[in-house]
Structures are given as C-alpha cells and as structure tokens.
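Engineer: Here is the input, now give the coordinates:
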Amino acid sequence: MFDVGFSELMVIGLVALVVIGPEKLPRVARTIGHLLGRMQRHVAEVKADISREIQLDEMRRLQSQVVESAREVESSIREQAREFEESMRPVAAEVESAVATSVSEVTAPQVEQLSELAPVQVAKAEAATETPLVESTAEEPTHNDSQLDLFGQPAAGDLTRR
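Structural biologist: Numbering: from 1, shown residues only. Predicted structure coming up:
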C-alpha cells in the first residue's frame, strides 16, 4: 500500500523523537500500535463480511437454478406419465372386456355342477378347469451374477464379513 523504506522510517522516528520527546515517545508508539491493530482487525472483518455476502448471493443464485431445473424435471415426468396413461387406456379397455367376456362364459349348468360336488371335489374341479386369462410367452429372465438381486436370497459368496 505505502512504499516506505527503512531509511524513511528512520527519518520519521528521529522527527518523532525531537517533536514528542523521549519520555512520551513509548506511550505514543504503543497507542499508535493499538490503533493500527484495531484498523487491521476492522478491515479483516469487512473483507470477511463482503466474502460472506458474495457466497450467499452465489448460493441463492444456485438455489434458484436448482429449483427451476427441479420444476422442469417434474413437469417433464408429469407429461410423460400423462402420455403413458393415455396410451395405456386402449389396452386397459381390452383387458377389461376380455375379463368381462371370460366371466360371462361361465354358464349356469357349470355352476350347478360345482354346487353339487363336495368341497374337496369343487377345488379339484376348479383347478382342472381353470385356464389362465393371459398366457405367458416371455422367457424366464437370465441370472447375471454381476447384478445385485434385491428381492431374492443372496448367494453364499455375496456376503462379506467385516
């Protein structure tokens, strides 16, 4: 800040010694030192306050960006869910109509035959005549040892002890 060399400090010291006197010079030097210390602390506090304000402003700006991006993601997810729901309505209508027709196919004579049988025979007859509404044509999923199975039993080698 100030470009003061050693020789300039010597001149200032000699002038202070002559003007103030040797008795009062130590007390004046001590007072000047205290005032300079207070000034340095005050400048450091002001710098810290300014730094905190800048960081707070950056955090507010970042928070507003995060909130805005979260709103965009939410609206995108809602739009995709709405589109999926609309595309699944025809499929749901087909399934409901298939269930309604399969339920109406049960005729009164079949119900009467079941009511005449004993309870054990009813269960066996229902199991024998039961047909699945939707046949599964999908293949069984293959097991990959590198993937974590969250719903199955862990393999013996998967558990590690601490």
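Engineer: Walking through this structure, point out its helices one by one.
Structural biologist: Along the chain, the segments classed as helices by DSSP state H run 6-20, 25-104, 108-116, 119-129.
Engineer: Is it possible to get a markdown table of these that adds mean pLDDT and mean neighbour count?
Structural biologist: From N, CA and C alone the C-beta is placed, and that goes for glycine too. Putting the helices of the chain into a markdown table (pLDDT from 0 to 100; neighbours: other C-beta atoms under 10 Å) gives the following:
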| stretch | mean pLDDT | mean neighbour count |
| --- | --- | --- |
| helix 6-20 | 87 | 10 |
| helix 25-104 | 92 | 10 |
| helix 108-116 | 59 | 10 |
| helix 119-129 | 57 | 10 |
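Engineer: Roughly how far does residue 69 sit from residue 82?
Structural biologist: As judged by C-beta to C-beta, to the nearest Å, residue 69 and residue 82 stand 20 Å apart.
Engineer: wait, I meant residue 58
Structural biologist: Going from residue 58 to residue 82 by C-beta to C-beta gives 36 Å.
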